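K.L.:
I'd like to go over a predicted model; first the sequence, then the structure.
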Protein chains: 2
Amino acid sequence: MKPAEIARVEPLTATAFAAFGEVIAPENAARRIAINAGTAERFHDLAKIEPGPDGRTTVSIFRGQPRPMPFEVTMLERHPLGSQAFMPLSGRPYLVVVAPPGEQIDPASLRFFQANAGQGVNFAPGVWHHPLLALGGQSDFLVIDRSGPGDNCDEQNLPHSFLINAD
Amino acid sequence: MKPAEIARVEPLTATAFAAFGEVIAPENAARRIAINAGTAERFHDLAKIEPGPDGRTTVSIFRGQPRPMPFEVTMLERHPLGSQAFMPLSGRPYLVVVAPPGEQIDPASLRFFQANAGQGVNFAPGVWHHPLLALGGQSDFLVIDRSGPGDNCDEQNLPHSFLINAD
């Protein structure tokens, strides 16, 4: 593998992430609905959940160990058949690395985002992404993804690596 | 309505809640899987998500205002067509009030649970439950439920109320 390129890490916003899926946070709701006699507010329909062909939606918890910095990104994975959403439960930020769908990852297309503790992400089916990158301490995430028939995980090594240096 | 009966509040456990759905927490996983080259653990398939007939699974955030104590439970609701899961995001406990499915709620069948900040709940379709009962401060919850055709919310008043006095 060629020497690493330095990753440019951006703050995670719904607009910047739109090509890859959704940012799950109250401020991104198209509809806010007062419910329960006004004692609660519903920020409605924040992620396009796709269980895919013959799939069902499953809810799991991922417990990620924090990644040492600087971190070298050498590969990405994708789930071609279904979406995969992560919602942080441990009050810590984390990193999100994505590239658009397609058979061959274009390294120039990679995007690097720092998510804050109140933001979840939902990867659309086929979006290349790095496995969970927890920061700062062991972190739990609620994960909404797909169970079902078929091969739903591809991995691909990058032609050169990227070095991330997050706070 | 007749005078209130004092509610007996139990700690939330998977066993005690089994007739109503699932408690979403790592310790309740039937399968734990090491993933991402050993940097994370997957606590797999913690909730039976049911989008129901012609429904799709939606992800929303509910922001609940804390309930004043003692709180009087006078009604329950149910979603006959789909499941509804709540995962706390704000690090605070909350209350869960449920009764088994059926056309008429039997007040003797009500159960009152205090969930801790690390426990989510998934109500099976048709399970009677009280709207969100946040405690201690404004609390966000990730909610996984159903959008789709048909009437998916029934409410029923109880023949007598129950008084909850949580910490």
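P.N.:
Alright, I've got the coordinates. Values in this document were obtained by computation on a predicted structure and should not be read as measured data.

K.L.:
drop to CA atoms for contacts and neighbour counts, all remaining ones
P.N.:
Fine.

K.L.:
avg pLDDT for stretch A:60-69?
P.N.:
Per-residue pLDDT over stretch A:60-69 has a mean of 97.

K.L.:
buried sites along it?
P.N.:
A:Ser60, A:Ile61, A:Phe62, A:Arg63, A:Gly64, A:Gln65, A:Pro66, A:Arg67 (16 or more other C-alpha atoms under 10 Å in any protein chain shown).

K.L.:
Mind listing residues that contact it?
P.N.:
Stretch A:60-69 has contacts (C-alpha atoms under 8 Å, 6 or more residues apart in numbering or on different chains) with A:132-144, A:164-166, B:25-26, B:39-47.

K.L.:
which among those end up buried?
P.N.:
Neighbour-count burial within these applies to A:132-135, A:139-144, A:164, A:166, B:25-26, B:39-47; the criterion is 16+ other C-alpha under 10 Å.

K.L.:
Where helices are concerned, which of the residues you listed count?
P.N.:
Using DSSP state H, no member of the buried ones among the contacts of stretch A:60-69 falls within helices.

K.L.:
Quickly find the element holding the residue nearest to the spatial centre of chain A.
P.N.:
By C-alpha atoms, centre = their mean, chain A has its centre lying nearest to A:Val121, at 4.6 Å. Using DSSP states H and E, A:Val121 sits in strand A:120-123.

K.L.:
So is the next helix-or-strand element following that strand next to chain B?
P.N.:
As assigned by DSSP H and E, the chain's next helix or strand after strand A:120-123 is strand A:128-129. No: Strand A:128-129 stays clear of chain B (C-alpha under 8 Å from any C-alpha of the partner chain), getting no nearer than 12.1 Å.

K.L.:
Could you tell me the end-to-end distance of stretch A:109-127?
P.N.:
Start-to-end span of stretch A:109-127 (C-alpha to C-alpha, to the nearest Å) is 12 Å.

K.L.:
Would you mark the buried spots in it?
P.N.:
Neighbour counts using 16+ other C-alpha under 10 Å place A:110-115, A:118-127 of stretch A:109-127 among the buried residues.

K.L.:
Among those residues, which ones lie close to chain B?
P.N.:
Applying C-alpha under 8 Å from any C-alpha to those, none is adjacent to chain B.

K.L.:
From these, pick the one nearest A:Gly148.
P.N.:
Using C-alpha to C-alpha, A:Pro125 is the member of these that lies nearest A:Gly148, at 14.0 Å.

K.L.:
Is the closest one in contact with A:Glu50, as I believe?
P.N.:
Yes: between A:Pro125 and A:Glu50 there is a contact under C-alpha atoms under 8 Å: 7.3 Å.

K.L.:
what do these two both touch?
P.N.:
Common neighbours of A:Pro125 and A:Glu50 (C-alpha under 8 Å, 6+ apart) are A:Gly82, A:Ser83.

K.L.:
Contact partners for the spatially closest residue to A:Gln65 that is not a sequence neighbour?
P.N.:
Distance criterion C-alpha to C-alpha, 6 or more residues apart in numbering or on different chains; nearest residue to A:Gln65, sequence neighbours excluded, is A:Gln138 at 4.6 Å. By C-alpha under 8 Å, 6+ apart, the contact list for A:Gln138 reads A:Arg63, A:Gly64, A:Gln65, A:Pro66.

K.L.:
what do you get if the cut-off is 10 Å, keeping everything else the same?
P.N.:
A:Arg63, A:Gly64, A:Gln65, A:Pro66, A:Arg67, A:Ser90, A:Arg92, B:Thr39, B:Ala40 (C-alpha atoms under 10 Å, 6 or more residues apart in numbering or on different chains).

K.L.:
A:Phe62 in helix, strand or coil?
P.N.:
Judged by DSSP: H, G, I helix; E, B strand; the rest coil, the three-state class of A:Phe62 is strand.

K.L.:
Now the longest strand seen in chain A - C-alpha only, CSV.
P.N.:
Of all segments of type strand in chain A, defined using DSSP state E, the longest is strand A:154-164. Provided in CSV are the C-alpha atoms of strand A:154-164 (Å, rounded to 0.1, in the frame of the first residue of the first chain):
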residue,chain,number,x,y,z
ASP,A,154,-18.4,-6.8,1.2
GLU,A,155,-15.0,-5.4,2.2
GLN,A,156,-12.5,-3.6,-0.1
ASN,A,157,-9.0,-2.5,0.6
LEU,A,158,-8.1,1.1,-0.5
PRO,A,159,-5.3,1.7,-3.0
HIS,A,160,-3.7,4.0,-0.4
SER,A,161,-4.5,4.6,3.2
PHE,A,162,-5.7,7.7,5.0
LEU,A,163,-4.5,9.0,8.3
ILE,A,164,-7.1,10.5,10.7
